[in-house]
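Peer 1: need a structure here:
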Amino acid sequence: MAFTKNPVSSTYDTKRYDFAISPHQRSGSLPNKDARLLNMMVEPLTAPTEENKRITIKSRPGLTTAYTVGTGVGRGCYYWVVSGVGYVISVCGSAVYTNGTSLSTITTTTGKVGFTEFVSSTGAVTLVMVDGTKGYVFTSPTVAPTLIASVDFPSPHIPMPIFLDGYLFLAKTGTQDVYNSNLDDPALWTAGDFISAEMYPDKIVALSKNNNYLYAVGRTSIEYLYDAANATGSPLGRHESAVQQFGTVAYASVVQTDNEVILLGGTDNGGHTVWTISGFKEKEISTAAIKGILLAEGSALENATAFCIRVSSQKLYVVTLTSRTLVYSFTTELWSEWASGTAGTSAFLGNCAADGPNGTAHILDASGGKVYTISEGVYTDDGVAFLCQIVTNKYDFDTFNRKTMSRLSLIGDVPDSTGVDNTVLVSWTDDDYQTWSAARSLSFNYDYPSIAQLGNFRRRAFKFSYSLPHLIRLDGFEVDINKGVQ
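Peer 2: Coordinates of the predicted model:
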């Protein structure tokens, strides 16, 4: 028989599991199988050296509208501080906005727009914006930018401008060449002032910077350039003893942050992964499941975008794919997913970000014409609640015997102190994620948030769902089972 109420040796047991997981999907094309965290973040509450460690998961930060701009493709944004006052410069379609007020238009309507501040030897600060075809210089955040009219300005170019040692650098599209402006002036350019990345037969697809080095990123290689103080031509020289034999197919995934450059990597050997590079030292941060998700994108991976923000006491790398948004935490070194809407199937609203006051980042809507702030004190996206969901791995509780589960309890913090919005939905699957039980409501109260009589099984996975506008923070779950004897 499967189990007995009066066994000779006790087959009853109580098990507790936490939710600190990364995605474990067996295939990038099967998002609904295996472990997954949706709109949830892993949060360590104790130091790693402490004996009694506590690791929880909590709902991700939400979005609040800061400025409404015209509808159009969200192409880029930048937070510019002038005389102690912050301004959000954003581009939607062909329109340029400052703090939501229309400032000017540009001739292109699609493609990423890049920004960098430029500081002259006299201390004058301007903001340079490039759109892949033309360049513009802001002398003030409230005055329309001036078109760079130099006939030697590189066009078309990769819209990733870099400032270094009084020069503006741009990589020309479809070449191995990095061009530089005249010293001290981003609007003046001279024919022949460029350097070529020549170690590999690989054209530059992205340009980034870390410390005092420029990273010339190709599809399958990265070369490092530095200021060699050449008297004529390009001031740059090649660091010939340093090179990476991977690059990226998604130029907009290349993000320069505190002390590293992050990118979706590719090689001549096939497959994709995620790399960080600090100085000349690389580190792979993707898991097998993340690699599978990237592989499933196919040629659409070229359109992936990414940004890096600090929020909820964590540093995050956020990657937007065709229909999924992947999030890596440098704090926990774990991955999760973000989505918008109560069904959890709508793409996350934002596709690029900029720093903000007091560490508050701004997020530009991918298409809806809004600039948001992101905050851990907000649990909706622009007023709409989002689905927080945990899907676990399958558990067999150390035996393949047919088991009976008599109790499941959630351990964590009550979502709403009023007791009104504290319902968590629980369902489970016993057939390898093929079908799910009807969801049962668990009233998450202070005393004993439990459900009983969960039936029999051999291997079981659970799904916990919460889509109400409150913080939910969970330590894990506990179950009572009778393991049976066969």
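
Peer 1: gap between the two ends of stretch 241-260?
Peer 2: 19 Å (CA to CA, to the nearest Å).

Peer 1: now that stretch: average pLDDT?
Peer 2: On average, the pLDDT along stretch 241-260 is 92.

Peer 1: list the buried residues of it.
Peer 2: 243-244, 246-257, 260 (16 or more other CB atoms under 10 Å). Every C-beta, even on glycine, is put in place using the N, C-alpha and C of the backbone.

Peer 1: leaving out chain neighbours, which residue sits closest to residue 40?
Peer 2: residue 57 (4.7 Å; CB to CB, 6 or more residues apart in numbering).

Peer 1: pull the contacting residues for that neighbour.
Peer 2: Going by CB atoms under 8 Å, 6 or more residues apart in numbering, residue 57 touches 19-20, 37, 40-43, 390, 473-474.

Peer 1: could you dump those residues to CSV with distance to residue 98 and secondary structure?
Peer 2: As requested, the contacts of residue 57 are exported to CSV (distance: CB to CB, whole Å; DSSP: H, G, I helix; E, B strand; the rest coil):
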residue, distance to residue 98, secondary structure
19, 42, coil
20, 42, coil
37, 37, strand
40, 35, strand
41, 32, strand
42, 37, strand
43, 36, strand
390, 41, strand
473, 38, strand
474, 41, strand
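
Peer 1: pLDDT-wise, what's the bottom of these?
Peer 2: Looking at the contacts of residue 57, model confidence by pLDDT dips furthest at residue 20: 86.

Peer 1: all helices for this protein, in order.
Peer 2: For the chain, applying DSSP state H gives helices covering 288-296.

Peer 1: residue nearest the middle of it, spatially speaking?
Peer 2: The chain has residue 318 as the residue nearest its centroid, 0.6 Å off, counting by CA atoms, centre = their mean.

Peer 1: go through the buried residues of stretch 241-260 and name the one nearest residue 221.
Peer 2: residue 247 (5.3 Å; CB to CB).

Peer 1: look up how far residue 222 lies from that closest one.
Peer 2: 6 Å (CB to CB, to the nearest Å).

Peer 1: which residues do the two both contact?
Peer 2: Counting by CB under 8 Å, 6+ apart, residue 247 and residue 222 have no common neighbour.

Peer 1: for residue 61, which non-adjacent residue is closest in space?
Peer 2: Nearest residue to residue 61 in three dimensions, chain neighbours excluded: residue 376, at 4.3 Å (CB to CB, 6+ apart).

Peer 1: what number of residues lie near the one you found?
Peer 2: By other CB atoms under 10 Å, the residues close to residue 376 number 16.

Peer 1: what's the per-residue pLDDT of it here?
Peer 2: pLDDT, residue 376: 90.

Peer 1: which residues touch it?
Peer 2: Applying CB under 8 Å, 6+ apart, the residues contacting residue 376 are 61, 311-313.

Peer 1: would you mind checking the residues you listed for buried ones?
Peer 2: The neighbour count (16+ other CB under 10 Å) marks 61, 311-312 as buried among the contacts of residue 376.

Peer 1: bridged to the residue nearest to residue 40, which residues?
Peer 2: Residue 57 has these beta-bridge partners by DSSP bridges: residue 42, residue 474.

Peer 1: residue 362 and residue 372 touch, don't they?
Peer 2: Yes: contact criterion CB atoms under 8 Å: residue 362 and residue 372 qualify, at 6.8 Å.

Peer 1: what is in contact with the two at once?
Peer 2: Jointly contacting residue 362 and residue 372 under the rule CB under 8 Å, 6+ apart are residue 66.

Peer 1: dump the residue contacts of residue 146.
Peer 2: The contact partners of residue 146, by CB under 8 Å, 6+ apart, come to 136-137, 139, 187.

Peer 1: any regions of the stretch 351-486 of the chain where pLDDT drops low?
Peer 2: 417 (pLDDT under 70).

Peer 1: and the strands in it?
Peer 2: 362-365, 370-375, 380-381, 384-385, 388-391, 403-413, 423-429, 440-443, 450-452, 456-457, 461-466, 473-482 (DSSP state E, counting those that start in this stretch).

Peer 1: most tightly packed of those strands?
Peer 2: Neighbour counts averaged per stretch over the strands of the stretch 351-486 of the chain are highest for strand 362-365, at a mean of 27; criterion: mean count of other CB atoms under 10 Å.

Peer 1: who touches it?
Peer 2: Identification of contacts with strand 362-365 by CB under 8 Å, 6+ apart yields 63, 66, 74, 76-77, 79, 88, 90, 92, 309, 349-356, 370-374.

Peer 1: what about the stretch 1-150 of the chain, any weak spots by pLDDT?
Peer 2: Across the stretch 1-150 of the chain (using pLDDT under 70), the flagged ranges come out as 1-10, 46-53.

Peer 1: before we move on, back to that, most surrounded residue in the contacts of residue 146?
Peer 2: That'd be residue 136 among these, by other CB under 10 Å, with 21 neighbours.

Peer 1: residue contacts, it?
Peer 2: 106, 128-130, 145-148.

Peer 1: so how many other residues sit close to the closest residue to it other than its chain neighbours?
Peer 2: Once flanking residues are discounted, residue 136 sits nearest to residue 145: 3.7 Å by CB to CB, 6+ apart. Using other CB under 10 Å, residue 145 is surrounded by 21 other residues.

Peer 1: same thing with residue 174?
Peer 2: 12.

Peer 1: quick one: contacts for it?
Peer 2: When contacts are counted by CB under 8 Å, 6+ apart, residue 174 is found next to 156, 203.

Peer 1: give me the phi and psi for it.
Peer 2: phi 80, psi 20 (degrees, to the nearest 10).

Peer 1: hang on, the earlier thing: for the contacts of residue 376, which one is nearest residue 163?
Peer 2: Nearest to residue 163 among the contacts of residue 376, counting by CB to CB, is residue 311 at 26.1 Å.

Peer 1: how close does the closest one sit to residue 470?
Peer 2: Counting by CB to CB, the gap from residue 311 to residue 470 is 18 Å.

Peer 1: my read: residue 461 touches residue 435, true?
Peer 2: No: using CB under 8 Å, residue 461 is not in contact with residue 435; the gap is 11.5 Å.

Peer 1: hang on, residue 193 packs against residue 180?
Peer 2: Yes: between residue 193 and residue 180 there is a contact under CB under 8 Å: 5.2 Å.

Peer 1: more neighbours: these two, which one.
Peer 2: Remark: of residue 193 and residue 180, residue 180 carries more neighbours, 25 against 20, as counted by other CB under 10 Å.

Peer 1: and that one, bridged to which residues?
Peer 2: In beta-bridge terms (that is, DSSP bridges), residue 180 pairs with residue 169.

Peer 1: so who does it touch?
Peer 2: Contacts of residue 180 by CB under 8 Å, 6+ apart are 167-169, 189, 193-194, 234-236.

Peer 1: what's around residue 361, how many residues?
Peer 2: Counted with other CB under 10 Å, residue 361 comes out at 21.

Peer 1: actually residue 163, not the one I wrote
Peer 2: If we define neighbours as other CB under 10 Å, then residue 163 has 16 of them.
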